[in-house]
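Q: what follows is a predicted protein model with its sequence.
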Amino acid sequence: MPNKDWLISDHKGVSKKFVQETASEVGVYLADYNPDITARDAGRLGGRITQKLVSAGKQNLGE
């Protein structure tokens, strides 16, 4: 069973801990406010977050 800390969401729907862990997985430095993040890095991070959320959803549905 995965750690449920990542299920606790902030006001945007995804927990900061989950986003930070995912950012470190893809090699993106992410602070609370990071105006220097490139579009490529933001896309890599968003894509990986989407992959992980879809995977978690499929596991919950039993697929």
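A: Ah, there it is.
Q: which positions within the lowest-mean-pLDDT helix or strand in the chain qualify as buried?
A: Lowest mean confidence among the helices and strands of the chain (mean pLDDT, DSSP states H and E): helix 16-26, at a mean of 89. The neighbour-count check on helix 16-26 (16 or more other Cβ atoms under 10 Å) flags 18-19, 22-23 as buried. (C-beta placed from N, C-alpha, C; glycine too.)
Q: show me what the longest helix anywhere in the chain is packed against.
A: Criterion DSSP state H: the longest helix present in the chain is helix 39-61. If you count contacts as 3 or more Cβ pairs under 8 Å, 6 or more residues apart in numbering; DSSP states H and E, helix 39-61 packs onto helix 16-26.
Q: and the helix it packs on, what does it pack onto?
A: helix 39-61.
Q: got the angle for the least confident helix or strand of the chain vs helix 39-61?
A: If you take axes from the mean of the first three to the mean of the last three Cα atoms, to 10 degrees, helix 16-26 sits at 120 degrees to helix 39-61.
Q: roughly how far out does helix 16-26 sit from the chain middle?
A: Computed by Cα atoms, centre = their mean, to the nearest Å, the chain-centroid distance of helix 16-26 equals 5 Å.
Q: next: stretch 21-31.
A: For stretch 21-31, the distance to the chain centre is 9 Å (Cα atoms, centre = their mean).
Q: and the end-to-end length of it?
A: 12 Å (Cα to Cα, to the nearest Å).
Q: for L30, which three-state class applies?
A: coil (DSSP: H, G, I helix; E, B strand; the rest coil).
Q: now it: phi and psi?
A: phi -130, psi 120 (degrees, to the nearest 10).
Q: how about it, what does it touch?
A: 19-20, 23, 37, 45 (Cβ atoms under 8 Å, 6 or more residues apart in numbering).
Q: redo that, cut-off 6 Å
A: A23 (Cβ atoms under 6 Å, 6 or more residues apart in numbering).
Q: also R40?
A: With Cβ under 6 Å, 6+ apart, R40 has no contacts at all.
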